[in-house]
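K.L.:
Here is a sequence with its predicted model. Questions after.
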Amino acid sequence: MASGPFRKILIANRGEIALRVICACKDLGIPTVAVYSEADRYSLPVRFADQAICIGPAKSSRSYLDIPSIISAAEISNVDAIHPGYGFLSENAGFAEVCQVSGIKFIGPKPEVIAAMGIKERARAIMKEHGVPILPGSEGVLSSAEEAIETAERIGYPVILKASAGGGGRGMRVVNSADELPGLLAQAQQEAGAAFASADVYLEKYIAAPRHIEFQILADEHGNVEILGERECSIQRRHQKLLEESPSPALRPEVRERVISKLRAAIRAIGYSNAGTVEFLMDEKGDLYFIEVNARIQVEHPVTEAVTGIDLVKSQIRIAAGEKLSDVLPGPVQFRGHAIECRINAENPQTFAPSPGRITGLNLPGGIGIRVDTHAYQDGVIPPYYDSLVAKLIAYGSDRMEAIDRMKRALDLFVVEGIHTSIPLHKRIMNEPDFVAGNFDTNFIKRWM
Ligand code: MV4
C-alpha cells in the first residue's frame, strides 16, 4: 500500500506483540513509534520501530500502564493512532476514552463497549437476549445470601460464584451445598471488592471438567461481523494458557454453526467493532455456554491466522481507520488445515516458576508449516518485571496429525540457552496419548502433573 490508513501508529506495549504490530504496520506502509520502559531499552521493538520513546522505569504502573506518559509520547511523536496489544491498557475503557478526547484513534472497540464487556453479568444478559446459550444462573448481580440460596436450589449444586468485574479466575468460588453459600458469597464479594472496581457477584451452574473454546470475531464500524472459527484453549495451568489450536478436536459442526449464527447478531447489537474473542465453556455433552468477551487481540491469534490466511492485526488497523470488512478481508472466510500454538515461557519446567535472565544461545526453528513470533535474540535479556512469554511457536498442517508432527520437529530444533523454558513440557504434551487423541479438558495439566 502506497500510503497507509494512518499517518503514524504508536504501540503501547512490549515484547513479541509490539513486534507483531510493527510487522503489520510495515506491511501497510505505516511508520511506527515504540514506547519502552528502562528495562526494555535494548529490546527488538525499540530497534525496529521507526521511533522509540522511553516512558518510564521498569515497573509497569510507571511505564506501560502510565496513561499520561503514553499520551505525552503520542502527542510528541504526532501519531494519529495507538495499538494497545494485549494485557496492559488493552481493555481499559478509560484509556480508550482519553485517546478519543486527545484526537488519537484507539485501535480497539469503542470505550463504552469495552466498559460494557468488562461487566461480565451484563455481557451474559446481552448474549442471553440474543439467543446465545448461557449456563443457568442468577439474573444479574446477587443482592443477598437468601437470593443466592434460592437460585442455587433452582439450578442445582454445584454452582460457581463469579465477580462481575472479574476475569482470569480471581474472585471465583465453587459452592457444593446451601450451608456453604453465605460464607463463600461473603468471601467472593470481599475478594472482588478488593481486587476490582466492584464487589458485585453473580452465580451460575458449575461445570467441573469443561473445555475452554473461544471464537475469534472481526467487526467493522458499519455493523458487519465475521466469525473466524474457534480456538481450543483447554491446555492451561492456573488460568495461564499453554497451548491453543484450531479447529477444536471436540466441537461438533452443528454446535459450531448454531453458536456462530446467534453470535453474529449479538455482536452487531452490542455495537462491537475491531477484533475480539468470545469465550465459551463446553460441557460433557459437547454443548457450548457463553462465559465472557475479551475486547482485544489475543496472544493466540496466530492460530486463527494460520487456518484462515487472514492477517488479524492488519485487519484491526484498517477497521480502526473506518474501512468496511468486505474491503479488509481478501474474500469469503475459508478454513483450511489445522494449527497449534505452543507458548514458550521463561519458566522452570517442574515448578512453573518464572526463569528470567540472559539468553546465551538461541536457535529458532523454521521450515514448512512453522511460524515463530518472538522478541528473543542471542544475548537478549528476559526481564523479571513482565509476563514470561519468550516466543510463540505455531505449527500448521493439512490436518491435526501433520500439525503435531511439525510441532515436534520444531520443538526439537528450538534451542534456548541461559534460561529455563517450557519447551520440555511441550515435548511431553506432544507425546501424550490423550493429547494426540484430542481427549482432554481444562484439568489436563493438573491431572497429569
Ligand atoms: C467456570 C468454570 C466452571 N463452571 N464457570 C475460569 C476463568 C474464567 N474466565 C472462567 N473460568 C471458569 N468458569 C462455570 N460455570 C470453570 C472455569 C475454569 C476455567 C475456564 C476456562 C479455562 C480454564 C479454567 C480453569 C479453571 C476454571
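P.N.:
Done, it's in. Everything quoted here is computed from the prediction, not taken from an experiment.
K.L.:
How far off centre is the one helix or strand residue 281 maps to?
P.N.:
Take DSSP states H and E as the rule and residue 281 turns out to sit in strand 274-282. Using C-alpha atoms, centre = their mean, to the nearest Å, the mean C-alpha position of strand 274-282 is found 9 Å from that of the whole chain.
K.L.:
what packs against that strand?
P.N.:
If you count contacts as 3 or more C-beta pairs under 8 Å, 6 or more residues apart in numbering; DSSP states H and E, strand 274-282 packs onto strand 211-219, helix 253-270, strand 288-294, helix 312-320. For glycine as for every other residue, the C-beta is placed from the backbone atoms N, C-alpha and C.
K.L.:
Export the ones you listed as a markdown table, with columns for distance to the ligand and mean neighbour count.
P.N.:
Shown next, in a markdown table, are the helices and strands packed on strand 274-282 (distance: least, C-beta to the nearest ligand atom, whole Å; neighbours: other C-beta atoms under 10 Å):
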| stretch | distance to the ligand | mean neighbour count |
| --- | --- | --- |
| strand 211-219 | 4 | 24 |
| helix 253-270 | 16 | 16 |
| strand 288-294 | 5 | 23 |
| helix 312-320 | 21 | 23 |
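K.L.:
Compare those and give me the one nearest residue 8.
P.N.:
Ranking those by distance to residue 8, with C-beta to C-beta as the measure, places helix 312-320 first at 11.8 Å.
K.L.:
Show me which residues of the helix or strand just after the closest one are buried.
P.N.:
Past helix 312-320, further along toward the C-terminus, the next helix or strand under DSSP H and E is helix 325-328. Using 16 or more other C-beta atoms under 10 Å as the test for burial, helix 325-328 gives 325, 328.
K.L.:
Contacts for helix 325-328 next, please.
P.N.:
For helix 325-328, the surrounding residues in contact (C-beta atoms under 8 Å, 6 or more residues apart in numbering) are 218-220, 222, 224-226, 315, 318-319.
K.L.:
one more time with 7 Å, if that's ok
P.N.:
With contact meaning C-beta atoms under 7 Å, 6 or more residues apart in numbering, helix 325-328 is reached by 218, 220, 224, 226, 315, 318-319.
K.L.:
how about those residues in TSV, adding pLDDT?
P.N.:
Putting the contacts of helix 325-328 into TSV (pLDDT from 0 to 100) gives the following:
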residue	pLDDT
218	98
220	98
224	98
226	98
315	98
318	98
319	98
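K.L.:
if you count residues, which strand in the protein comes out on top?
P.N.:
strand 225-237 (DSSP state E).
K.L.:
Sheet-wise, list the partners of the next helix-or-strand element following that strand with their directions.
P.N.:
Next helix or strand after strand 225-237 toward the C-terminus (DSSP H and E): strand 240-246. Strand 240-246 sits in its sheet next to strand 225-237 (antiparallel), strand 338-345 (antiparallel), going by DSSP bridges.
K.L.:
Residues touching strand 240-246, excluding its own?
P.N.:
229-233, 235-236, 300, 303-304, 307, 338-343, 422, 426, 429, 445.
K.L.:
from these, which are also near the ligand?
P.N.:
Subset of the contacts of strand 240-246 in contact with the ligand: residue 236, counting by C-beta under 6 Å from any ligand atom.
K.L.:
okay, now the residue of the stretch 51-200 of the chain found nearest the ligand: neighbour count?
P.N.:
In the stretch 51-200 of the chain, no residue comes nearer to the ligand than residue 169, which is 4.1 Å away by C-beta to the nearest ligand atom. Residues near residue 169, counting by other C-beta atoms under 10 Å, number 11.
K.L.:
for it, what are its contacts?
P.N.:
By C-beta under 7 Å, 6+ apart, the contact set of residue 169 is residue 239.
K.L.:
got a pLDDT number for it?
P.N.:
If you check residue 169, the pLDDT there is 77.
K.L.:
Need the winner for burial among the strands paired with strand 240-246.
P.N.:
Of all the strands paired with strand 240-246, strand 338-345 has the most neighbours on average by mean count of other C-beta atoms under 10 Å, namely a mean of 26.
K.L.:
Show me the domain layout of this protein.
P.N.:
Per automatic domain parsing, the structural domains of the chain span 9-107, 136-205, 211-448.
K.L.:
Centre of the chain to the first one, how far?
P.N.:
In other words, domain 9-107. That offset, for domain 9-107, works out to 18 Å (C-alpha atoms, centre = their mean).
K.L.:
How far does that domain stretch from one end to the other?
P.N.:
10 Å (C-alpha to C-alpha, to the nearest Å).
K.L.:
hmm, that domain touching the ligand?
P.N.:
No: on the criterion C-beta under 6 Å from any ligand atom, domain 9-107 is out of touch with the ligand, staying 13.3 Å away.
K.L.:
tell me the mean pLDDT for that domain?
P.N.:
Across domain 9-107, pLDDT averages out at 98.
K.L.:
Tell me the spacing between residue 128 and residue 150.
P.N.:
Distance, residue 128 to residue 150, by C-beta to C-beta, to the nearest Å: 19 Å.
K.L.:
neighbour count winner among these two?
P.N.:
It is residue 128, of residue 128 and residue 150, that has more neighbours when counted by other C-beta under 10 Å, with 15 against 12.
K.L.:
these two touch, right, that one and residue 134?
P.N.:
Yes: taking contacts as C-beta atoms under 7 Å, residue 128 lies within contact range of residue 134: 5.0 Å.
K.L.:
What residues of stretch 121-136 count as buried?
P.N.:
121-124, 126-127, 130, 132, 134-135.
K.L.:
hmm, back to that, out of the helices and strands packed on strand 274-282, nearest to residue 28?
P.N.:
When those are compared (using C-beta to C-beta), the closest one is helix 312-320, at 6.1 Å.
K.L.:
now the angle from the closest one to strand 211-219?
P.N.:
Between helix 312-320 and strand 211-219, the angle comes out at 40 degrees (axes from the mean of the first three to the mean of the last three C-alpha atoms, to 10 degrees).
K.L.:
How about the stretch 301-449 of the chain: which residue is closest to the ligand?
P.N.:
Counting by C-beta to the nearest ligand atom, the stretch 301-449 of the chain gets nearest the ligand through residue 442, at 4.0 Å.
K.L.:
In which helix or strand does the closest residue to residue 49 other than its chain neighbours reside?
P.N.:
Spatial nearest neighbour of residue 49, chain neighbours left out: residue 34 (3.5 Å); criterion: C-beta to C-beta, 6 or more residues apart in numbering. Element membership of residue 34 [criterion: DSSP H and E] is strand 32-37.
K.L.:
Thanks again, I'm all set now.
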